[in-house]
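Q: Sharing a sequence plus its predicted fold:
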Amino acid sequence: MPARPDLASSLAVPMATAAPLAGTGPPRFFVSARVPIARFSERSKTPIGTPVPPSVHDAGTGRFIAAVPLPPGVASSWKLAAAAPDNRTFLLSGTCGQESGVRFFRVRLDENGRPGTPELVPESGGCVPGTLPVLALSHDGTRFAFADTLVGGTIVSVVEIATGARRDWFAGNIPVTGLSWAPDGRRIAVAAHDWGLGVMDLAAPGPDLLASTRLVRPMKGSPLESVAYTPDGDSLIYSAGHDIERIPVGGGTPVVLARLSPPKNASLTIRFDLDGTGRYLLYTHDWRLYRADLHDGSTRSVPIETGDLPLGGQTPDAAW
C-alpha cells in the first residue's frame with residue numbers, strides 16, 4: 001500500500017481573517033486559463049507545448065480584453081483559476097518551466113479589466129507536483145486552497161499568498177472535486193465523489209481531513225462536482241450531475257435551483273464558478289462560456305474570444 005504523502009505544516013493559522021472583498025453586482029469580467037497547446041511536427045509523434053497566458057474577457061460578450069502577464073518562473077498558463085467576490089482579484093496557475101508541476105500567482109484587474117503586475121506565490125507554496133483538480137481563493141484574497149492527487153492519496157492544502165506558508169490535510173483515497181471558502185474564512189466546503197458534501201473546520205487540530213470535516217450531505221444519486229458558499233455563509237450551492245442545488249450548511253433537504261441543459265458531448269457533471277452576488281454561475285464547454293441565472297433558471301452562452309492569442313487545445317477553465 002503506498003505511503004501517505006509528506007504533509008506541510010508551516011502555516012500556523014490557516015484561517016483567512018481579513019474582511020471579505022465585497023461583491024459589486026453582476027460580474028463584468030471573467031478570466032480564462034488553459035493548458036499549453038500541444039502541437040505535433042511533421043516528423044515527430046511527440047507533442048510540443050506552445051505556451052499561452054491566461055486572459056481577461058468581458059463577462060457579457062466573451063470579448064478578449066487583455067492577456068495576463070506571466071511572472072518569472074512561470075512558463076505558461078495552466079487550467080486552474082479562482083476568484084474573490086470583488087470580480088477584480090484572481091488566483092491563477094502556471095507551469096513550472098522545465099520542471100513538472102504548477103506554480104500559483106495572484107493578479108488584480110483595474111476598473112477596465114486590465115491586469116496589473118502578477119504576484120507570484122513564494123517558492124515554498126509551489127512548484128506543486130501531482131494532479132490538481134480544484135482551486136479556491138479565500139473571500140479576502142489572502143489565502144487559497146487546492147486539492148492534489150498523489151500516489152499515496154489526496155491532500156487538501158491551504159497556502160498564504162504573501163509568504164507561501166502552507167498546511168496540508170490528508171483525505172486518503174477520497175477524490176476531492178470541489179472546494180469553497182466560507183465568507184468568514186474559517187471553514188472550507190469540500191465536495192468529493194463517493195463521499196459527499198461537507199464543511200471542514202480550519203481550526204480543528206490534526207492533519208486528518210475527514211476528522212476535521214462535518215458531513216452535510218452524503219453521496220447519493222448523481223456525482224458531486226463543484227461547491228460554493230452563498231454570500232451570507234448560510235448555505236452551500238453545488239452541482240449534482242447537471243442539477244444545481246442548495247442546502248443549508250447545517251444540513252437539511254436540498255432545493256433544486258436550476259436544471260441545466262448541457263451542450264452536446266458535455267461531461268456528466270458541471271464544474272462551475274459562482275459570482276460574488278451568489279446569483280450567477282459560469283461553466284465552459286467547447287470554447288463557449290455558459291452563464292446561468294439562479295433566480296430564474298435561465299442560461300445563455302457567448303463564445304470565448306482569444307484576441308491575438310492562438311486558438312487551440314482544451315476548453316479553458318474560467319472564474320469570475
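A: Here it is on my side, so go on.
Q: okay, and for this protein, where does confidence drop off?
A: 1-3, 39-48, 98-99, 124-126, 130 (pLDDT under 70).
Q: rerun at 80
A: 1-4, 38-49, 97-100, 123-127, 129-131, 151, 262-268, 313 (pLDDT under 80).
Q: residue nearest the centroid of it?
A: residue 135 (3.4 Å; Cα atoms, centre = their mean).
Q: wait, isn't residue 275 in contact with residue 281?
A: Yes: between residue 275 and residue 281 there is a contact at 7.1 Å, judged by Cβ atoms under 8 Å. Heads up, the C-betas are built off the backbone N, CA and C, glycines and all.
Q: before we move on, the earlier item: ok, now how distant is the residue nearest to the centre of the chain from residue 107?
A: Using Cβ to Cβ, to the nearest Å, we find residue 135 at a distance of 14 Å from residue 107.
Q: same deal with residue 199?
A: 29 Å.
Q: again, but for residue 223
A: Distance of residue 223 to residue 107, given as Cβ to Cβ: 32 Å.
Q: Then residue 36?
A: 19 Å.
Q: Also residue 4?
A: Residue 4 sits 34 Å away from residue 107, going by Cβ to Cβ.
Q: of the two, who's got more company?
A: In this view residue 4 and residue 107 are compared by other Cβ atoms under 10 Å, and residue 107 has more residues nearby, 20 against 13.
Q: Give me the phi and psi angles of the more buried one.
A: For residue 107, the backbone dihedrals are phi -140, psi 150 (criterion: degrees, to the nearest 10).
Q: host element of the residue nearest to residue 158 when sequence neighbours are not counted?
A: Excluding the flanking residues, the one nearest residue 158 by Cβ to Cβ, 6 or more residues apart in numbering is residue 14, at 4.3 Å. In this assignment (DSSP states H and E), residue 14 forms part of neither any helix nor any strand.
Q: Could you give the number of residues near residue 220?
A: Per other Cβ under 10 Å, the neighbour tally for residue 220 reads 8.
Q: what does residue 267 give?
A: Neighbours around residue 267, by other Cβ under 10 Å: 13.
Q: you'd agree it is in a strand?
A: No: looking at residue 267 with DSSP: H, G, I helix; E, B strand; the rest coil, it is coil, so not inside a strand.
Q: check contacts around it.
A: Residue 267 makes no contacts at all, as judged by Cβ atoms under 8 Å, 6 or more residues apart in numbering.
Q: Relative to residue 108, how far out is it?
A: Using Cβ to Cβ, we find residue 267 at a distance of 31 Å from residue 108.
Q: again, but for residue 263
A: From residue 263 to residue 108 the distance is 32 Å (Cβ to Cβ).
Q: Comparing those two, which residue is more hemmed in?
A: When neighbours are counted by other Cβ under 10 Å, residue 263 and residue 108 differ, and residue 108 comes out ahead with 16 against 12.
Q: Can you tell me the element that one falls in?
A: Here residue 108 is assigned to strand 102-108, by DSSP H and E.
Q: and the next element down the chain from that strand?
A: Per DSSP H and E, the first helix or strand lying C-terminal to strand 102-108 is strand 119-120.
Q: who does that following strand pair up with?
A: strand 102-108 (antiparallel) (DSSP bridges).
Q: what's the distance between the partner strand and the middle of its chain?
A: Relative to the centre of its chain, strand 102-108 is centred 12 Å away, using Cα atoms, centre = their mean, to the nearest Å.
Q: can you list contacts of it?
A: 31, 54, 68-69, 71, 73-74, 78, 80, 88-96, 115-121, 125-128, 132, 141, 144, 159, 161.
Q: In strands, which of those residues appear?
A: 31, 78, 80, 89-95, 119-120, 132, 144, 159 (DSSP state E).
Q: nearest to residue 290, of those residues?
A: Among the ones in strands among the contacts of strand 102-108, residue 31 lies closest to residue 290 (Cβ to Cβ), at 16.0 Å.
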